[in-house]
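> With the sequence up front, the predicted model follows.
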Amino acid sequence: MPTFYGKRLLIACGGTGGHLFPGIAVAEEWTRQGGEVLLLISEKQIDALAAEGYDHLRFEKMPAAAAPRLLSAQMPKFLVSLMGGWFRSRRLLKTFKADAVLGMGGFTSTAPLLAGWSAGIPTFIHESNSIPGRANRLNARFSKVVLVGWMCCARMFARHKVELVGTPIRPSLEKKPTRAEAIRHFGLRADQRTVLLMGGSQGARRLNEMMAHGLPGFNGSWTQVLHISGPEDAPALRPFYDKYPTAGICLDFCSDMQYAYAAADLVVCRSGASTMTELTHYGTPAIFVPYPFAADDHQTTNAEVFAEAGAAVMWRQEDLNAGVFVPSILQLLDDEAKLRAMRQAMTELAVPGSAARVCQVIAENLP
C-alpha cells in the first residue's frame, strides 16, 4: 500500500459545489491517512459558505476567470488572469512544499495545475461529468493521470492515462440519518411525503419560480416541500411560503445535506455530477432538469445516463411551466411501484470508497 504520511497535496477545487465538495472529501481522506492538504477555492461567496465548518482544513482563495472563445476580446484579460494565478500558485507550491497537485475541474484548477506541471510536480485532474468541460480538456494536457467518475467519460481522454475512481462525496454525507431524524431536523411533518427541490450550490432560478407559483397545488396532497433555493433567490421566494405555510419550507443554503437527502422521498434538481453521486449514496429517486446552458450540454448527458438506468426521469426545462410542474411531480409521487424501482436503480449506480480510491491513485503515482 502507498504511504500518505507527511505527503503534501494541493487541491484546486473552487467555483461550484460540484468541484468544492468532492475536493473537501479527498482532503479529509488524505489527512486521515497522515498527509497534509491545502485547498484552493475561488473568491465566490458560495465557496466561502461551503467551506464553513471545515476549520481543520486550510483554504486559500484564488482568483480565476472562465476562458472565453479563442478570438474573443476577453482573451487578453483571461491570459493576464491565468499568468497572475500561475505566479501565485508557484509561490504557494513552494511555501507549502507540495508533493502533488489535484484539480477538481473548472478554470480555478488551470493555473495551479500549470504551475505544478512546470515545476515538475505530479499533477492530476478529476472529471465527475459524463463529458469533460473545456477547462478539464485543457487541464488534461498538464496531468499525469486523469481520474474519472464514470467510465463513459474515459473515451474523451483517449490520449491520457485514465483511472475510474467515482466521484467523492462529503464525509458528512457518509453516515445517513434516519428519516425521522431528518424530518425533526427541519421541523417538517412526519405524516407527509417530502419533495426536496434544489438547484445545486448556486440555485436554479427557473425551478425556484415554478415551484413558488405551484405551491397551491400541494394543498390536500399530503406532500410538503423542502426547498433549497440558493442565496440570491431566497428573499423573493419566502413570501410565497409565508402565504402557504403548510406547503413546506424554503432555505437559502443547507450545510446539513445529509438530513435533506434522508428526508426526501423524491428530489427535483439539476443534473450536476456531484449532486447525482450523492443521490446514489442515499438511493433517492430524482427528477433531473438539466441546466440548458451548461458547457457542451453535459448536464443533459449526465441525466440521460441515470434515466437510461431507470434511476431518474429527465425533464427538459423548455417543456415545463408553472401549470404542469407541480402536478407532474405529484403524479410521479403517486406511482409507488415506479419510485421503488427508481430507488433500487439509483442505489446500484453508487461507487463506494471514491475518496480513498482518488488518494490511492495519487499516492501510487508519486516519486
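That came through, no problem.

> how about the strands of the stretch 201-350 of the chain, start to end?
Under the criterion DSSP state E, counting those that start in this stretch, strands of the stretch 201-350 of the chain are mapped to 223-228, 248-251, 266-269, 286-288, 312-314.

> The stretch 1-150 of the chain: strands as residue ranges?
So, for the stretch 1-150 of the chain - with DSSP E, counting those that start in this stretch - the strands run 8-12, 36-41, 58-61, 100-103, 123-127, 145-148.

> Alpha carbons only: can I get the fourth one in CSV?
As requested, C-alpha coordinates have been extracted for strand 100-103 and formatted as CSV (Å, rounded to 0.1, in the frame of the first residue of the first chain):
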residue,chain,number,x,y,z
ALA,A,100,1.3,16.7,-5.9
VAL,A,101,-1.5,18.9,-7.3
LEU,A,102,-5.1,17.7,-7.9
GLY,A,103,-7.5,19.8,-9.9
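
> Lowest-scoring secondary structure element of the chain by mean pLDDT?
The weakest-scoring helix or strand in the chain, judged by mean pLDDT, DSSP states H and E, is helix 45-51 (a mean of 79).

> Return the distance of that one from the chain's centre.
13 Å (C-alpha atoms, centre = their mean, to the nearest Å).

> next one: stretch 191-204
For stretch 191-204, the distance to the chain centre is 15 Å (C-alpha atoms, centre = their mean).

> pretty sure Val289 contacts Leu320?
Yes - with contact defined as C-beta atoms under 8 Å, Val289 reaches Leu320; the gap is 7.1 Å. For glycine as for every other residue, the C-beta is placed from the backbone atoms N, C-alpha and C.

> For the stretch 101-250 of the chain, give me the ranges with low pLDDT.
Applying pLDDT under 70 to the stretch 101-250 of the chain flags the ranges 200-203.

> And Met257, how far from Phe87?
Distance of Met257 to Phe87, computed by C-beta to C-beta, to the nearest Å: 36 Å.

> So which of these two has more stuff around it?
Ranked by neighbour count (other C-beta atoms under 10 Å), Met257 and Phe87 place Met257 first, with 20 against 12.

> tell me the contacts of that one?
170, 172-173, 278 (C-beta atoms under 8 Å, 6 or more residues apart in numbering).

> Show the residue spans covered by the helices in the stretch 51-200 of the chain.
Here the stretch 51-200 of the chain has its helices, by DSSP state H, counting those that start in this stretch, at 75-96, 110-118, 134-139, 171-174, 179-186.

> For the first one, buried residues please.
Within helix 75-96, the residues that count as buried by 16 or more other C-beta atoms under 10 Å are 78, 81-82, 85-86, 88-90, 92-93, 96.

> a markdown table for those residues, including distance to Ala312 and pLDDT?
Formatted as a markdown table, these follow (distance: C-beta to C-beta, whole Å; pLDDT from 0 to 100):
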| residue | distance to Ala312 | pLDDT |
| --- | --- | --- |
| Phe78 | 36 | 67 |
| Ser81 | 37 | 72 |
| Leu82 | 37 | 71 |
| Gly85 | 37 | 80 |
| Trp86 | 40 | 84 |
| Arg88 | 40 | 89 |
| Ser89 | 38 | 91 |
| Arg90 | 43 | 93 |
| Leu92 | 40 | 94 |
| Leu93 | 40 | 95 |
| Phe96 | 40 | 96 |
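
> Serialize those to a markdown table and add fields for distance to Arg141.
Formatted as a markdown table, these follow (distance: C-beta to C-beta, whole Å):
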| residue | distance to Arg141 |
| --- | --- |
| Phe78 | 17 |
| Ser81 | 19 |
| Leu82 | 14 |
| Gly85 | 16 |
| Trp86 | 14 |
| Arg88 | 21 |
| Ser89 | 16 |
| Arg90 | 18 |
| Leu92 | 21 |
| Leu93 | 18 |
| Phe96 | 23 |
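
> That concludes my questions; thank you for your assistance.
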